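Student: Following is a predicted model, sequence given first.
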Amino acid sequence: MDRWIFFFIVLMGMLATVFLVILLVVGIIAFIKWNRDRKQQQHAILRNFPFLARARYVSEQISPQLKQYFFEGDLTGKPYSHHDYVAIVKTAKYAKSVVALGSKRDFDKPGFYIRNAFFPKQLKDLDAEQSPLIPSKKYIIDEDTLLSRKEHMEETDLKPWLYKDSDAVVFGAATCRMPWHLKSPIGMSAMSYGGLGQNAIKALSYGIHDAKAFMNTGEGGITPYHLEGGVGLICQIGPGKFGFRDKEGNFSWDLLAEKSKLNQVKAFELKLGQGAKIRGGHIEGVKVTPEIAKVRNVEPYKTIDSPNCFEEFDTFDSMMDFVEKIRDVTGKPVGIKIVIGAEETFDEFASYMKESDRYPDFLSIDGSEGGSGATYKAMADSVGLPIIPSLMIANRLLRRYGIRDRMKIIASGKLFSADRIALALSLGADAVQVARGLMIAVGCILAEKCHSNQCPVGVATTDPKLQKALVVEEKRYRVTNYIVGLREELFMLAASAHLSSPRYFSEEDVVFVNDSCQVKTMSEVQQQTGWQDFVAK
């Protein structure tokens, strides 16, 4: 017995010694840091209060996560609320989007509402292509308690909810040797390889292909990862001409002709503006791997700041010369991506098209709330109009000049839910593009590390170690589920308005309730002075 007591005393003594040594080492390190902080000249608070300042820096680092999970309300988070984020994840992961108990929308605030009919359409009477079924996978929850969550993935078949052939949106019908017939009103907006990692691009390519939708390459050029899934592509060309430039940075018509032969390339898009990124594109040098540099024909690990405008044209005439030459070389539809800054500037463009009888095959109109890329805060907050007033301006002016039927309109700018998409279609869009909604579907957790190459879930990073988090064979199905789920909800909204298809949404199907609880039609809204600011609230 005495022996065990002796061993116990010795053991406790050893543990105490180890503890004291650790405490001494920590104390020495803390003293060294304290002394260094007191002597440094860069941070004032560190000189006077080293320990409190260090605690402050730690708090700053974890503040976004604390706010996201503990302090922000369901509807108050920016740029996406927790409520919106969960809705996207539920659709992607579980292939369902129903909610319990009712809406969390603030019905006391002004806003748009879809005009429902006394007698909705029966689902059997909808003009939706429902076969063949789309094979996918979804999660089934086995257990969901405070301390345990167990779920497994099961195979499932999804109805495609596509437009029928007769309702397909046709791009370049009268101008191109190879028009593009689009049966999905929803696709992926421009996000380049480099901005997103290869695993994210691959998962999106497979998932969007399975959903029978389309994918915009972004201005970074076509890569093997875009092509791997077999998805139809809008190939974007930005002012940097990445993927379409020679070593001196000049536009290469030979590269254009070569890449236009790819069957997956359905159309080309010239990026004049994107969300609030009038500054042009930007990728930090740490994200520019040798592979990305080869695709873009730039130097590896050197920060890329592409110009904010094309050097090939600076007038409507020279721009249309460029558009028409691309159309002639490729035989495929060519559009331009723009951000509308004011009614007067778009009126000038619409007037030019009417007088010259020259048109792009489509306009991609991006709202200032678009934000999958990095830009200056001042630009993100204050440059360009949001997508709703932009669509209202474009649709009204193109109709006024009698040229609305000469081109299609693709809308983008935080159109991540079926009701927002229905509103965009009602106000003049023929199709929509989604960026951040698909980022969330493929794994984004709103960490806001996109520009740093430190995305913790492997979406917006080219770091091979971080990209391992994103498993393509799992995330591809979330992408498919999300897009098909949006289309299904969109058809349900059309049925509620007694429409046989979302293709037939129009301004008559939407009303606006102002802050005086007055119900206004779209024509009444646009007759009011300052209506652009009014509907953008």
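Tutor: Received the coordinates, thanks.
Student: I figured Asn395 was touching Asp405, is that so?
Tutor: No. Using C-beta atoms under 8 Å, Asn395 makes no contact with Asp405, being 11.7 Å away. The C-beta positions use only the backbone N, C-alpha and C, and glycine is treated the same way.
Student: who has more neighbours, these two?
Tutor: Using other C-beta atoms under 10 Å, the more surrounded residue of Asn395 and Asp405 is Asn395, with 20 against 9.
Student: Helix, strand or coil: sort out the more buried one for me.
Tutor: Under the three-state scheme (DSSP: H, G, I helix; E, B strand; the rest coil), Asn395 adopts helix.
Student: Any figure for the gap between the spatially most central residue of the chain and Val459?
Tutor: For the chain, Ala435 is the residue whose C-alpha lies nearest the centre (C-alpha atoms, centre = their mean; 1.4 Å). Remark: distance between Ala435 and Val459 (C-beta to C-beta, to the nearest Å) = 12 Å.
Student: what do you get for Phe491?
Tutor: Distance, Phe491 to Val459, using C-beta to C-beta: 29 Å.
Student: Please identify which of those two sits among more neighbours.
Tutor: Per other C-beta under 10 Å, whichever of Phe491 and Val459 has more neighbours is Val459, with 30 against 27.
Student: quick one: that one and Gln198 touch, right?
Tutor: No. If you go by C-beta under 8 Å, Val459 and Gln198 don't touch, sitting 11.1 Å apart.
Student: any residues in contact with both of those two?
Tutor: Shared contacts of Val459 and Gln198 (C-beta atoms under 8 Å, 6 or more residues apart in numbering): none.
Student: Does Tyr113 belong to a helix, a strand or coil?
Tutor: Classified using three-state DSSP, Tyr113 is strand.
Student: Neighbours of Ile208, how many?
Tutor: Ile208 has 27 neighbours, counted by other C-beta under 10 Å.
Student: Over to Ala447?
Tutor: 16.
Student: A strand includes it, no?
Tutor: No. Assignment of Ala447 by three-state DSSP gives coil, placing it outside any strand.
Student: Look up the closest residue to Gly331, ignoring the ones flanking it.
Tutor: Residue nearest to Gly331 in three dimensions, not counting chain neighbours: Arg177, with 3.5 Å by C-beta to C-beta, 6 or more residues apart in numbering.
Student: The strand or helix carrying Ala55: which residues count as buried?
Tutor: Here Ala55 sits within helix 50-66, counting by DSSP states H and E. Under the neighbour-count criterion of 16 or more other C-beta atoms under 10 Å, helix 50-66 has 50, 53-54 buried.
Student: Could you dump those into TSV with pLDDT and distance to Gly428 added?
Tutor: TSV is the format used below for these (pLDDT from 0 to 100; distance: C-beta to C-beta, whole Å):
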residue	pLDDT	distance to Gly428
Pro50	81	59
Ala53	76	54
Arg54	79	54
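Student: Can you name the element that comes right after the helix holding Ala55?
Tutor: Following helix 50-66 in sequence, per DSSP H and E, is helix 82-94.
Student: The longest helix belonging to the chain to helix 50-66, inter-axis angle?
Tutor: Counting by DSSP state H, the longest helix found in the chain is helix 2-39. Put simply, helix 2-39 runs at 100 degrees to helix 50-66, going by axes from the mean of the first three to the mean of the last three C-alpha atoms, to 10 degrees.
Student: Mind giving me the packing neighbours of the helix holding Ala55?
Tutor: helix 2-39, helix 44-48 (3 or more C-beta pairs under 8 Å, 6 or more residues apart in numbering; DSSP states H and E).
Student: who's in contact with it?
Tutor: Contacts of helix 50-66 (C-beta under 8 Å, 6+ apart): 33-34, 37-38, 43, 45-46, 447-448.
Student: gap between the longest helix of the chain and the chain center?
Tutor: Centroid displacement of helix 2-39 relative to its chain, using C-alpha atoms, centre = their mean, to the nearest Å, is 52 Å.
Student: could you point out where the stretch 351-500 of the chain is predicted with low confidence?
Tutor: The stretch 351-500 of the chain contains residues with pLDDT under 70 at 371-382.
Student: any idea where the helices of it begin and end?
Tutor: All helices of the stretch 351-500 of the chain, identified by DSSP state H, counting those that start in this stretch, fall at 377-382, 387-400, 418-426, 436-441, 464-467, 472-496.
Student: on that earlier part again, state the mean pLDDT of the longest helix of the chain.
Tutor: Mean pLDDT, helix 2-39: 82.
Student: Go through it and flag the buried ones.
Tutor: Asp37.
Student: tell me what that helix is packed against?
Tutor: Judged by 3+ C-beta pairs under 8 Å, 6+ apart, the packing partners of helix 2-39 are helix 44-48, helix 50-66.
Student: between those, which one is nearest to Lys475?
Tutor: Nearest of those to Lys475, taken as C-beta to C-beta: helix 50-66 at 22.1 Å.
Student: Are we agreed that Ala267 is in a strand?
Tutor: Yes. With three-state DSSP as the criterion, Ala267 is assigned to a strand.
Student: List the residues that contact the closest residue to it other than its chain neighbours.
Tutor: Distances taken as C-beta to C-beta, 6+ apart put Pro333 closest to Ala267, at 4.2 Å, once the chain neighbours are dropped. Counting by C-beta under 8 Å, 6+ apart, Pro333 makes contact with 171-172, 175-176, 179-180, 266-268, 327, 361-362.
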